[in-house]
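**Student:** Give me coordinates for this.
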Amino acid sequence: AINDQQWYLKMQPEIENIKYLVKSEEYLAKGGELASNWWRNELDVVARRGWSATAHSNPVLRQGRINLNQAILGYKISSILMQPFAVFDAMAYAQSRYGTIATLEILKEFSKAWIIPKYAKDIIAESPALQLRQAGELAIEETLKKVGRARGLVNSFIRGGMSLLQKADVRTAAGVEKGLMNVLEKYGIPNAQAEAEFLMNLVSGSNEVVYRPHILASGEGARTWFTFQTFFLNRWGILIHDLIRSGIIKGGGETGWNGMWKRMSALIGLGIFVAGSIAENQSRKVIYETTTGKKLPDESMAKTAAMFIPTQVPYFGNLIEAADRGGDANPPIIRTVENIFSGGASVIKGKKPETQIKGALRMAEAGITLGAGIPGTAQFFDLLENIFLGEKEKVEGIGKDIPSLKTPSSLKMPGLKMPSLAL
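**Tutor:** Residues are numbered from 1 along each chain as shown. Next up is the predicted model:
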């Protein structure tokens, strides 16, 4: 009841103020039909707290998605350690807008937030947006909202599974926001803190309903389809709009030397994105090999750089990765169901004890993930896989499994050629 009252008091006046502007005939004439319709959809989604008027509820899909979030993200080492790499997105954006000095400023504040004790806490204490962000991204937020503050060992275990992920995320965001605010203050931008908070959410992925892509408001089917990809929906917007379209192609709307400088800065920003992608892939590879015991084939930096932009396209990037690596581009929930059946088939038809053991592990992990959503399931079975994996497979790896930016490793088990590693 209190949440409902706060929402009405805080949000309803803003919605009403914006409505009278963007729904006016004057705005339609000046902004065009596309902009007018976008704002109508946005107000519709915000007024319904993240759902459009046409969204369909599906309790089964929702529970399955939440179970996936808990089982795969909970206590997942790779997901936790990958959070700091979001700084590359912020650096790339700052480079395209304000140049190299701004990029270095963000890197400096990010480093201080991670190295100096309590530095990030002081930043968070002064920022309402960061305090809100501590609720986590969409996947984490929905999980914690379902658990709430309820006591009990199971609920505490679920909250604990997300805590390190939350802390790594908000500490990274704190450094990014502080760096952006320093840059904006240097350039004399009005309301620097509010602007820095907005940009922080823009470049680091947002947990707030007002910044989510509209497709995530269309129903449980869309949210299930894009499970673990909300960050990449946001990244694609920055990449294609701010860097390539506005920066490299249009030169930030400038002409002459200023336009050339803007294009060069955007090109450097794109290079920072590519460098971040290479660093992420290499780090995931190391973590994956350490936890599972497999040795994955090396991939050249040139190929990683060339594949960067195509593989960032939401969902279609998964198809490209699957075609390149011999993987599966199905949504995570479908892959998990497939693992139940394929694991059972290995148990029944497997001729070697090792094959049957791996099939049983695959089936058990998928069943626990979907049925119970126990945090740490993915990490636990990664370690079991290391124990039961044969020496030959440890050296050769399995198929062409290479760490992916978008697909959790728990959805890939021995005998299946699927993209691997979490978020």
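**Student:** for residue 38, what are its contacts?
**Tutor:** For residue 38, the contact set (C-beta atoms under 8 Å, 6 or more residues apart in numbering) is empty. Glycine gets a C-beta too; all of them are placed from N, C-alpha and C.
**Student:** Would you check how far apart the closest residue to residue 189 other than its chain neighbours and residue 246 are?
**Tutor:** Sequence neighbours aside, residue 195 is the residue nearest to residue 189 in space, at 5.7 Å (criterion: C-beta to C-beta, 6 or more residues apart in numbering). Applying C-beta to C-beta, to the nearest Å, the value for residue 195 to residue 246 is 17 Å.
**Student:** swap in residue 268?
**Tutor:** Residue 268 is 15 Å from residue 246, by C-beta to C-beta.
**Student:** what about residue 167, how many neighbours?
**Tutor:** 14 (other C-beta atoms under 10 Å).
**Student:** In which helix or strand does it reside?
**Tutor:** Using DSSP states H and E, residue 167 sits within helix 153-186.
**Student:** same question for that helix, mean pLDDT?
**Tutor:** Across helix 153-186, pLDDT averages out at 90.
**Student:** in terms of contact count, name the helices or strands touching it.
**Tutor:** Secondary-structure packing of helix 153-186 (3 or more C-beta pairs under 8 Å, 6 or more residues apart in numbering; DSSP states H and E): helix 59-73, helix 77-82, helix 87-98, helix 100-115, helix 119-125, helix 128-133, helix 138-147, helix 192-204.
**Student:** same for the first one, what does it pack against?
**Tutor:** In this case it means helix 59-73. If you count contacts as 3+ C-beta pairs under 8 Å, 6+ apart, helix 59-73 packs onto helix 138-147, helix 153-186, helix 220-225, helix 332-349, helix 353-371, helix 377-388.
**Student:** a markdown table for those, including distance to residue 78?
**Tutor:** Shown next, in a markdown table, are the helices and strands packed on helix 59-73 (distance: least, C-beta to C-beta, whole Å):
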| stretch | distance to residue 78 |
| --- | --- |
| helix 138-147 | 15 |
| helix 153-186 | 11 |
| helix 220-225 | 22 |
| helix 332-349 | 15 |
| helix 353-371 | 16 |
| helix 377-388 | 9 |
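**Student:** and residue 130, which of these is closest to it?
**Tutor:** Smallest distance to residue 130 across the helices and strands packed on helix 59-73 (C-beta to C-beta): 5.7 Å, for helix 153-186.
**Student:** angle of the closest one against helix 59-73?
**Tutor:** Counting by axes from the mean of the first three to the mean of the last three C-alpha atoms, to 10 degrees, helix 153-186 lies at 80 degrees to helix 59-73.
**Student:** Name the SS class of the nearest residue to residue 81 once chain neighbours are set aside, please.
**Tutor:** Spatially, and ignoring its direct neighbours in sequence, residue 81 is nearest to residue 287 (6.4 Å; C-beta to C-beta, 6+ apart). With DSSP: H, G, I helix; E, B strand; the rest coil as the basis, residue 287 sits in helix.
**Student:** same thing with residue 53?
**Tutor:** coil.
**Student:** and what of residue 233?
**Tutor:** When classified by three-state DSSP, residue 233 comes out as helix.
**Student:** per-residue pLDDT, the residue positioned nearest the centre of the chain?
**Tutor:** Central residue check for the chain by C-alpha atoms, centre = their mean: the C-alpha nearest the mean position is that of residue 231, 2.9 Å away. Looking at residue 231, its pLDDT is 82.
**Student:** wait, what's in contact with the closest residue to it other than its chain neighbours?
**Tutor:** Once flanking residues are discounted, residue 231 sits nearest to residue 205: 4.2 Å by C-beta to C-beta, 6+ apart. Listed by C-beta under 8 Å, 6+ apart, the contact set of residue 205 reads 86, 137, 230, 231, 234, 235.
**Student:** 10 Å instead?
**Tutor:** Residue 205 sits next to 86, 89, 133, 137-138, 169, 173, 211-212, 230-235 when contact means C-beta atoms under 10 Å, 6 or more residues apart in numbering.
**Student:** again with residue 301
**Tutor:** 274, 275, 277, 278, 281, 282.
**Student:** any idea how far it is from residue 274?
**Tutor:** Going from residue 301 to residue 274 by C-beta to C-beta gives 9 Å.
**Student:** on that earlier part again, residues near the residue nearest to residue 189, how many?
**Tutor:** Residues lying near residue 195 (other C-beta under 10 Å) number 15.
**Student:** how close does it sit to residue 119?
**Tutor:** Going from residue 195 to residue 119 by C-beta to C-beta gives 21 Å.
**Student:** next one: residue 194
**Tutor:** Using C-beta to C-beta, one obtains 21 Å as the distance from residue 194 to residue 119.
**Student:** who's more crowded, those two?
**Tutor:** Each of residue 194 and residue 119 has its neighbours counted (other C-beta under 10 Å); residue 119 has more, 18 against 15.
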